[in-house]
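In: Fold the following for me, if possible:
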Amino acid sequence: MSTNTQTFDYIIVGAGSAGCVLANRLTEDANTSVLLLENGGSDKSIFIQMPTALSIPMNTKKYAWQFHTQPEPYLNDREMHCPRGKVLGGSSSINGMVYVRGHARDFDEWEAHGAKDWGYANCLPYFKKAETWAFGADEYRGGEGNLGTNNGNNMQNPLYQAFVDAGVEAGYLATEDYNGAQQEGFGAMHMTVKDGKRSSTANAYLRPAMQRSNLTIVTKALVHKVLLDEKQAVGVRYEHKGKTVDVKANLEVILSAGSIGSPHLLQLSGIGAHEDLNKANIEVNHYLPGVGKNLQDHLEFYFQFKCKKPITLNGKLGLWDKFKIGTRWILNKDGLGATNHFESCGFIRSKANVEWPDIQYHFLPAAIRYDGKSAFDGHGFQVHVGHNKPKSRGTVKVVSADPKDHPEIQFNYLQDQDDIEGFRACVRLTREIINQAPLDKYRGAEIQPGEHIESDEDIDAFVREAVESAYHPSCSCKMGEDGMAVVDSKLRVRGIKNLRVVDSSVFPTIPNGNLNSPTIMLAERAADIIKDFGMLEPMSSEVVIPSDWKDKQRLTEAKRKI
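Out: Predicted structure coming up:
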């Protein structure tokens, strides 16, 4: 044990999507000292910084916790991969860089679940504060924020626009900006890329703050637990270079370790459900039954088609082409190396009487596997699709008092029948969209799922075998006021003084979209709450929802092509 105990005003655990934002904002006051603890190391690898290399860091032990679930009972007992960032920038340094805020109603839903003042009107100003949108600020988009967002190569490949046109031909809306007034529809997709590089929170927030003398960053630090004095957090214990160190917090300890790490750390600290802690032989310091419960995630699979024209990325997967792409990126930070290749997208409703979109599309002008290798010889394209408002709920449970032992993760994917029916809609509606006229000159044979997959039984069997996590674990320390809420609306752990959780684990429900953007927004707003700074004024901005959503699944049935 270290005998020289240091003291800081704030201790932040986790330098990820939320932790880097907090480290920046809390050290804006030169009189405030902050310690940021991160288990991973540097993010300076080319595989992190070059957008097109996105599949590499996620599957590398050096940069990601390689978690796996318990056998998932509704997915043929498959153990699902659940990587989480273990590097400066956290999951924002290993993710796919897709920038989706979520629908406005997602945040109104948070408020309806007891997260006071977290409705869309409260959140929109902080989305804007965080962002610099490449095409200029407006009522919905930011122009002076840390986070750079754009559309990659602006849909130069004709397949991107053909996919958008196919969605419109099928009777859906077009949207000029799904992060603006209207999420529903088909249009260009946005990504966290700036000047050709990944705009992670390490690049956007932490690096500008590193020059401040009041910020101390310790990497390769494994936090063991939060130190408590009765019902008050007073510091943390962590391991670094073979030594165990206790460090004290004058003001607060803030957990930003993510939806797996934060509930696990609470449990290691004796905060959680009796049955979970007792089973792991951990003394109960504070009974809080919701810790690790309410776990949610997005699933997705991909439709694959052969392409009649040699215009896809399948023609760029050879070593020589990769070398040329990489060299151009190193020299100029542009070209195919400067995009995640998800440049068009769609958000639709799975059925009538669904108020806002619950299905999301990422279009990719290539047919490749999740490991980044070609799915077959020749050219192809695919669209990733998922039902994004699941009702199934899972758990994160500590297994022992040893912080090196990974927690037990169980999502219970597709436990709820509504989720199964949502994926049936994904198959049928997507097949219909891809078979529209704008894609006729490109579309070849259906590779996956295969045209023979038609009945409910066949679709269900395919989905159980083919779906993968979209890597959006969340909601495991939910915000609210009911008996299972872990934090209140100011993100304070209920019943424990000077302890907060600030990351995607506090979401009451999962938004319709990728989670990096709402996590950054949450941290921006949390920083003002923590500093007691004066919140940004709520914005009453228009939200476009079709007037006939109760009766129709799309704009019109006139252009449907089965």
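
In: In a helix, residue 110, correct?
Out: Yes. Assignment of residue 110 by DSSP: H, G, I helix; E, B strand; the rest coil places it within a helix.

In: which stretches of the stretch 101-250 of the chain form helices?
Out: Secondary structure of the stretch 101-250 of the chain (DSSP state H, counting those that start in this stretch): helices located at 104-112, 120-130, 158-169, 201, 207-209.

In: again, but for the chain
Out: 19-26, 46-49, 55-58, 104-112, 120-130, 158-169, 201, 207-209, 258-268, 274-279, 319-332, 417-434, 456-466, 516-531 (DSSP state H).

In: what's the closest of the helices of the stretch 101-250 of the chain to residue 318?
Out: Residue 318 lies closest, by C-beta to C-beta, to one member of the helices of the stretch 101-250 of the chain: helix 158-169, at 19.9 Å. Using the backbone N, CA and C atoms, a C-beta is placed for each residue, glycine as well.

In: Now the closest one: buried residues?
Out: 159, 160, 161, 162, 163, 164, 165, 166, 167, 168, 169 (16 or more other C-beta atoms under 10 Å).

In: Make TSV out of those and add pLDDT and distance to residue 510.
Out: Below are the buried residues of helix 158-169 laid out as TSV (pLDDT from 0 to 100; distance: C-beta to C-beta, whole Å):
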residue	pLDDT	distance to residue 510
159	98	29
160	98	27
161	98	30
162	98	30
163	98	25
164	98	25
165	98	30
166	98	27
167	98	23
168	97	28
169	97	30
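
In: Between these, which sits nearest residue 273?
Out: When these are compared against residue 273 (criterion: C-beta to C-beta), the nearest one is residue 167, at 44.5 Å.

In: Spatially nearest residue to residue 201, not counting backbone neighbours?
Out: Computed as C-beta to C-beta, 6 or more residues apart in numbering, the closest residue to residue 201 that is not its neighbour in sequence is residue 20, at 3.7 Å.

In: Touching the top strand by length along the chain from outside, list them.
Out: Identified as the longest strand of the chain according to DSSP state E is strand 243-255. Strand 243-255 has contacts (C-beta atoms under 8 Å, 6 or more residues apart in numbering) with 1-2, 5-14, 19, 22, 35, 224, 226-227, 233-239, 261-262, 265-266, 498-503, 530.

In: Just the buried residues out of these, in PyMOL syntax.
Out: Remark: buried members of these, expressed as a PyMOL selection using 16+ other C-beta under 10 Å:
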select buried, resi 8+9+10+11+12+13+14+19+22+35+224+226+227+233+234+235+236+237+238+239+261+262+265+266+498+499+500+501+502+503+530
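
In: Restricted to strands, list the contacts of strand 243-255.
Out: Per DSSP E, those map to strands at 6-13, 35, 224, 226-227, 233-239, 499-501.

In: any weak-confidence spans in the chain?
Out: Filtered on pLDDT under 70, the chain yields the residue ranges 1-4, 370-375, 556-562.

In: 50 - rerun?
Out: 1-3, 557-562 (pLDDT under 50).

In: Identify, out of the helices of the chain, the most deeply packed stretch.
Out: helix 201 (a mean of 34; mean count of other C-beta atoms under 10 Å).

In: And it, what does it pack against?
Out: helix 19-26 (3 or more C-beta pairs under 8 Å, 6 or more residues apart in numbering; DSSP states H and E).

In: Residues contacting the helix it packs on, please?
Out: Taking C-beta under 8 Å, 6+ apart as the rule, helix 19-26 contacts 9-10, 12-13, 15, 32, 34, 36, 38, 88-90, 92, 130, 146, 200-202, 204-206, 208-209, 215, 217, 254, 256-257, 502-503, 520, 523-524, 526-528, 530-531.

In: Number of residues surrounding residue 246?
Out: Counted with other C-beta atoms under 10 Å, residues neighbouring residue 246 total 17.

In: State the distance from it to residue 432.
Out: Distance, residue 246 to residue 432, using C-beta to C-beta, to the nearest Å: 60 Å.

In: go on, residue 269?
Out: 51 Å.

In: need the contact list for residue 362.
Out: 98, 189, 300, 342, 345, 383, 384.

In: Would you reformat those as a markdown table and include distance to residue 112?
Out: Putting these into a markdown table (distance: C-beta to C-beta, whole Å) gives the following:
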| residue | distance to residue 112 |
| --- | --- |
| 98 | 26 |
| 189 | 28 |
| 300 | 26 |
| 342 | 31 |
| 345 | 27 |
| 383 | 32 |
| 384 | 29 |
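
In: In this structure residue 433 contacts residue 166, no?
Out: Yes. Counting by C-beta atoms under 8 Å, residue 433 does reach residue 166; the two are 5.4 Å apart.

In: any chance of the helices of the chain in TSV, plus distance to residue 358?
Out: Below are the helices of the chain laid out as TSV (distance: least, C-beta to C-beta, whole Å):
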stretch	distance to residue 358
helix 19-26	28
helix 46-49	32
helix 55-58	25
helix 104-112	10
helix 120-130	17
helix 158-169	16
helix 201	28
helix 207-209	37
helix 258-268	20
helix 274-279	31
helix 319-332	36
helix 417-434	7
helix 456-466	16
helix 516-531	16
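
In: To residue 352, which of the ones you listed lies closest?
Out: helix 417-434 (11.2 Å).

In: For that closest one, which helices and strands make contact with it?
Out: Using 3+ C-beta pairs under 8 Å, 6+ apart: helix 417-434 touches helix 158-169, strand 299-307, strand 359-364, strand 380-387, strand 443-448, helix 456-466.

In: right, and the ones you listed - which one's nearest residue 334?
Out: Short answer: helix 158-169, nearest of those by C-beta to C-beta, at 17.5 Å.

In: Show me what the closest one is packed against.
Out: Looks like helix 158-169 contacts strand 185-188, strand 344-348, strand 359-364, helix 417-434 (3+ C-beta pairs under 8 Å, 6+ apart).

In: Which stretch among the ones you listed approaches residue 70 most closely?
Out: Closest among these, using C-beta to C-beta: helix 417-434, at 18.2 Å.

In: so who does the closest residue to residue 82 other than its chain neighbours touch?
Out: Nearest residue to residue 82, sequence neighbours excluded (C-beta to C-beta, 6+ apart): residue 67, at 4.1 Å. Neighbour list for residue 67: 81, 82, 83, 84, 260, 406, 409 [criterion: C-beta under 8 Å, 6+ apart].

In: Can you flag the buried ones in these?
Out: 81, 82, 83, 84, 260, 409.

In: Out of the residues you listed, name the ones that lie in strands.
Out: Using DSSP E, these in strands are 81, 82, 83, 84, 409.

In: what's the distance between the residue nearest to residue 82 and residue 61?
Out: 11 Å.

In: With residue 202 instead?
Out: Distance from residue 202 to residue 61, by C-beta to C-beta: 19 Å.
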